[in-house]
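J.: just need the structure, nothing else, for what follows:
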Amino acid sequence: MSSDRQAVEDPGAVAPPPSGGAFLLAQLGAHAAGRFGERVGELGLAPPDVGLLRMIAMEPGRSQRSLATDLGVVPSRVVALIDNLEKKGFVERRRSAEDRRHHELHLSADGRRALGQVREVAALHEDDLFAALDEEDRARLTALLGRIAAQQGLTPGVHPGYRRLPKKPG
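T.: Below you'll find the model as predicted:
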């Protein structure tokens, strides 16, 4: 038996830690998501709330159905998330002037203030995560990650985690 085969079969052998790019992306992604969740949690928000506020701010008056389509989830999931934001006073549902059966989504004044605070937190979060890189490295890394995300068919600006959210936000 070769020594290579013995090393693989040796139950006492210590495997080296994973070091591939995919593992590092997963490790950093989980770390970044956790830290971001902690940071926006101090504002009374969860990461899914932040994404919805941002999407509504980018397109005021959009419908819940359009949000569901962009997020790749069923409309009932978005209804529960918007209910939560409306209860917190961050989002307003207004009857559509064009079709009274539908509602348009708008940020309230409190929602706009909260989103402004989130932008500040997000900038600090990014600076903290990328502190080991200079501006040129940051720009290059961001461009490379953007290329990978595009090649993987990810929707720009939409976190794929929405598809795994529970039906009722907690």
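J.: report the separation between the residue lying closest to residue 128 once chain neighbours are set aside and residue 126.
T.: Among residues not flanking residue 128 along the chain, residue 35 sits closest, at 7.6 Å (C-beta to C-beta, 6 or more residues apart in numbering). Backbone N, C-alpha and C define where each C-beta goes, glycine included. Distance of residue 35 to residue 126, given as C-beta to C-beta, to the nearest Å: 11 Å.
J.: hang on, the earlier thing: shouldn't the residue nearest to residue 128 be in contact with residue 124?
T.: No - when contacts are counted by C-beta atoms under 8 Å, residue 35 is not listed as touching residue 124 (10.4 Å).
J.: what's downstream of the worst-scoring helix or strand of the chain on mean pLDDT, the next helix or strand?
T.: Least confident helix or strand, the chain: helix 3-9 with a mean of 54, by mean pLDDT, DSSP states H and E. The helix or strand immediately downstream of helix 3-9 is helix 21-41, counting by DSSP states H and E.
J.: can you pull out the strands in the protein?
T.: Assigned by DSSP state E, the chain shows strands spanning 91-95, 103-107.
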